[in-house]
Structures are given as structure tokens and as C-alpha cells.
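In: Structure for this input, please:
(one chain, ligands or ions: 2)
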Amino acid sequence: MAVKRDYYEVLGVSRQASSDELRRSFRKLAMEYHPDRNNGDPNASERFKECSEAYGVLSDPEKRRSYDMFGHAGVGAGAAQDFGDFGFGDIFNTFFGGGGRPRRRSTRGNDLRHDLTIDFEETYRGVEREIDVGRQAVCSVCAGSGAAPGTSSVTCGTCAGAGQVRRQAQSIFGTVVNIVTCPTCGGEGRVVKQPCARCHGQGRTEERKRLRVRIPAGVDTDSQIRLTGEGEVGLRGGPPGDLYVVIRVRAHQHLRRQDDDVVYELHVNVVQAALGDRIEVPSLDGPVELVLPPGTQYGQTFRLPGRGLPNVRSGRRGQQFVVVQVVVPKDYSPEQKALLRRVGGLTGKPQKVSKGFFEKLRDVINID
Ligand SMILES: [Zn+2]
Ligand SMILES: [Zn+2]
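Out: Ligands and ions are numbered 1, 2, ... in the order given. Here you go, the predicted structure:
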């Protein structure tokens, strides 16, 4: 499969493009590539699909935010509505005003949230998980209509199908006319005379479904992955909401995460710090050797480039910081004490530590 192009690139706009710029750019491209204007040329139709998809995502603030954070993975498969099915006029009505198609009055289903905990290692590689979701789905008996098999819903008598009614009320200002949602049909314009026995006229029933979620490498705790249309279905055939999979990443045994970087605290003894040593430290790729130079100080930080986590958008890996902690044992044998006294006598007074541990760490991390 071809690599998906960046949506901003597809529309030829910058990442900071306003919704107006997006719309202008999409309008131009849609005019150019719409299949009706290109005698069904497959290349044009591909381009048309591509920019419709890009616009579909970027014009929705929530989808756009998700895309900015996670790239294509963030908006999920099927996230992009396929506007290619619309006629040429529809596109313009839908996006650029002019009345558009009559709105469906059925209500959209609720969004759902599913919490998912993954291991630190899984955020490093990315992972595919199966989740079981309980939700309201289309009733299989009435196919979502809410009407008993063999019957159908009828136009609401109260509002004559408009979904709204006018109400007159007396107030201190005189007679006021309010337009309110029809109380009989709840705004749907149709009522079910003989409700389906299985769903009691709701058009939906509880079901459990197993879904596959692709979790991109680099996600962090509180990252959200949106599965478009996998939320609850609406009442009586209303469109479904979305399912948000909210990620929690378990802590690593040794490594602490800091954005795309990881921090490891290396404990060494006084002799290793003084004389230097070669030490194996854990990394996401397995143990790596670190050369500790003689005279290593408490809090000194070493950098292992490219050993961090992959950035969820670019895939580029951060770095690993190894922070040295010199551990001083509490108990010494008489010989050790004697030796240390001799060493102490030879080295004189310690130099003043000019900066605290976290200041130093911050200095190193901010170098970039
Ligand atoms: Zn039913
Ligand atoms: Zn009504």
C-alpha cells in the first residue's frame, strides 16, 4: 500500500492554516479534481478522494488535534469520511453553505471511552490490541427503525413531520411564539406505532463487540485514539458516536520517561566514580555499555542519542540520559576505614558543588 501523504501537504497549506484557508484550498482542489469534471479519470478521482479525506479530518477541530498529535494513526482507519460519494453539488452545499441537504433529524449516538493499559515496552514498539466493548448497537430485528417487523414508522401527527412545533405563550411583553422540539416525536418527525418487541422501539440494543486497536509507537499516558463510528449507535438508526481509547502506560522498572527521552539513574560507588569504569546500563534496546570517565561527579549526566522513545508523529527517537548517583555505603570494615582515611588525607578538601542535581540535569536536557 502506498504511504499516505500528509494531510496538510495534500491540501497545500501550512500546519497553522486557519479553517478559512483550509476551506479555500479544498474548494480549489475539489473543483479541479472532482470526477464529474474529469470524465472519470482515475487519477483525478484519487486526488479528489485524497483531498476530501484530508479536508474531512482537518476541518474537524477534534480530529485535527488528534491528527496533529498522532498523524494518520491518530484518526484511525475509516476516520476519514469518504466525500467522494457525494455529488458535485452536495460537496458545495455541505461545505460552503447554500442550504445543503435536509438534515437527518435522528440523534447521533454517544461517544464512548475505553481505558487501556499497556506496557512501557509496547509504547516503544507500538502494539495492536483487541478490546471488548459493550455498547448500544443497531437492533437486528427492526434494523434500527424501532418499528415491529412488517410495520413502519409514520409521520408524526403533532408536527406533521417537521420535528418542531410553535408554541404561543402569554408573558408580560404580550404573546410570544416559541418554536420548540415536538414533544410527541422528540424532533424526529416520525413516530413508531407498533414498537419492535426486542428493542421496545429504540432501534438499538446492547451488544458486546471485539475491536482491534492499533496503538502507534510513542503514545503516552492520556493519549487518546479515536475509533470513528465505533461508539453507540443513535436512536432509531441515528449515526453512531465515536469510541475513544484512552491509554495508560505502565511505569518501566528502570527507565523514567520525559517526553520522548528516557532517564536512567545509574548508581556507582565512590571508587567507580573516582577511577572510571565500563558499565552496562539498561536501555530500550537492551543493555548498552557506558564508559564512565575517571573523576565522574555526582549528578553528572551522559547522553545516549537515539535511545529514547519514538516520537508518535515523526517516529524519530529521543535520547536516553544516564544520571550518575554516587552511592556511599553506610558500613565499612576497619581496613576500609583506614584506607579511606589515607585517601582522604591525600585528596584534601572537596571542591564546592556549584549546581544542584536537578539544575544540572535540566542544563543537559536543555542543550538542544
Ligand atoms: Zn428493534
Ligand atoms: Zn412530531
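In: separation between A73 and Y124?
Out: 15 Å (C-beta to C-beta, to the nearest Å). Yep, even glycine has a C-beta here, placed from its N, CA and C like the rest.
In: before we move on, what about G229?
Out: When distance is defined by C-beta to C-beta, G229 is 30 Å away from Y124.
In: Show me which of these two is the more surrounded one.
Out: Y124 (20 against 16; other C-beta atoms under 10 Å).
In: State the helix or strand in which that one lies.
Out: Here Y124 sits within helix 120-125, counting by DSSP states H and E.
In: Quick check: chain neighbours aside, which residue is closest to G144?
Out: Nearest residue to G144, sequence neighbours excluded (C-beta to C-beta, 6 or more residues apart in numbering): G237, at 3.7 Å.
In: Wait, that neighbour touches C142, no?
Out: No - assessed by C-beta atoms under 8 Å, G237 is found out of contact with C142, at 9.2 Å.
In: For those two, indicate the residue with more neighbours.
Out: Shown here are G237 and C142; by other C-beta under 10 Å, C142 has more neighbours (27 against 20).
In: Might you report the residue contacts of the closest residue in space to the more buried one that isn't next to it in sequence?
Out: For C142, ignoring the flanking residues on the chain, the nearest one in space by C-beta to C-beta, 6+ apart is C196 at 3.7 Å. The contact partners of C196, by C-beta atoms under 8 Å, 6 or more residues apart in numbering, come to 139, 141-142, 145-149, 203.
In: what's the following helix or strand after the worst-scoring helix or strand of the chain on mean pLDDT?
Out: In the chain, no helix or strand scores lower on mean pLDDT, DSSP states H and E than helix 88-96, which sits at a mean of 42. Per DSSP H and E, the first helix or strand lying C-terminal to helix 88-96 is strand 112-118.
In: Quickly run through the sheet partners of that following strand, with directions.
Out: In the sheet, strand 112-118 lines up against strand 243-249 (parallel) (DSSP bridges).
In: what comes into contact with the partner strand?
Out: Residues from elsewhere that reach strand 243-249, judged by C-beta under 8 Å, 6+ apart: 111-120, 122-123, 131, 133, 135, 211, 213, 215, 219-227, 230-231, 257.
In: Stretch 143-154 too?
Out: 138-139, 141-142, 190-197, 199, 201-204, 233, 235-237.
In: Stretch 209-223 too?
Out: So stretch 209-223 is contacted by 69-71, 73-74, 76-77, 116, 118, 122-133, 135, 137, 225, 227, 230, 243, 245-249, 257, 260, 309-313, 315 (C-beta under 8 Å, 6+ apart).
In: Pull out the buried positions in the lengthiest helix in the chain.
Out: Criterion DSSP state H: the longest helix present in the chain is helix 42-58. Within helix 42-58, the residues scored as buried using 16 or more other C-beta atoms under 10 Å are 44-45, 47-58.
In: Same check on stretch 211-230?
Out: 213, 215-219, 223-230.
In: picking up where we left off before, among the contacts of stretch 143-154, which lie within strands?
Out: 138, 190-191, 204 (DSSP state E).
In: Go through those residues and name the one nearest ligand 2.
Out: Closest to ligand 2 out of those is V191 (6.8 Å), distances taken as C-beta to the ion.
In: What separation is there between the closest one and ligand 1?
Out: Separation of V191 from ligand 1 (C-beta to the ion, to the nearest Å) stands at 15 Å.
In: residues contacting that residue?
Out: Taking C-beta under 8 Å, 6+ apart as the test, what V191 contacts is 153-157, 184-185.
In: Can I get the buried part of those as one ChimeraX selection?
Out: Those of the contacts of V191 that count as buried under 16+ other C-beta under 10 Å are selected in ChimeraX with:
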select :153,156,185
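In: filter the contacts of V191 by proximity to ligand 2?
Out: Applying C-beta under 5 Å from the ion to the contacts of V191, one finds that 156, 184-185 fall near ligand 2.
In: Narrow those to those in helices?
Out: Among the ones next to ligand 2 among the contacts of V191, no member falls in helices (DSSP H).
In: ok, so of these, who is nearest E289?
Out: C185 (73.1 Å; C-beta to C-beta).
In: Name the nearest residue to the closest one, sequence neighbours excluded.
Out: C156 (3.9 Å).
In: and that neighbour, how far is that from A162?
Out: Taken as C-beta to C-beta, the span from C156 to A162 is 8 Å.
In: what is in contact with those two at once?
Out: The contact sets of C156 and A162 overlap at 182, 189 (C-beta under 8 Å, 6+ apart).
In: what about stretch 163-179, average pLDDT?
Out: Averaged across stretch 163-179, pLDDT comes to 79.
In: Just want the residue of the stretch 251-368 of the chain that's nearest ligand 1.
Out: For the stretch 251-368 of the chain, C-beta to the ion, closest residue to ligand 1: V312, 41.3 Å.
In: Tell me how many other residues surround that residue.
Out: For V312, the count of nearby residues is 21 (other C-beta under 10 Å).
In: That'll do, ta.
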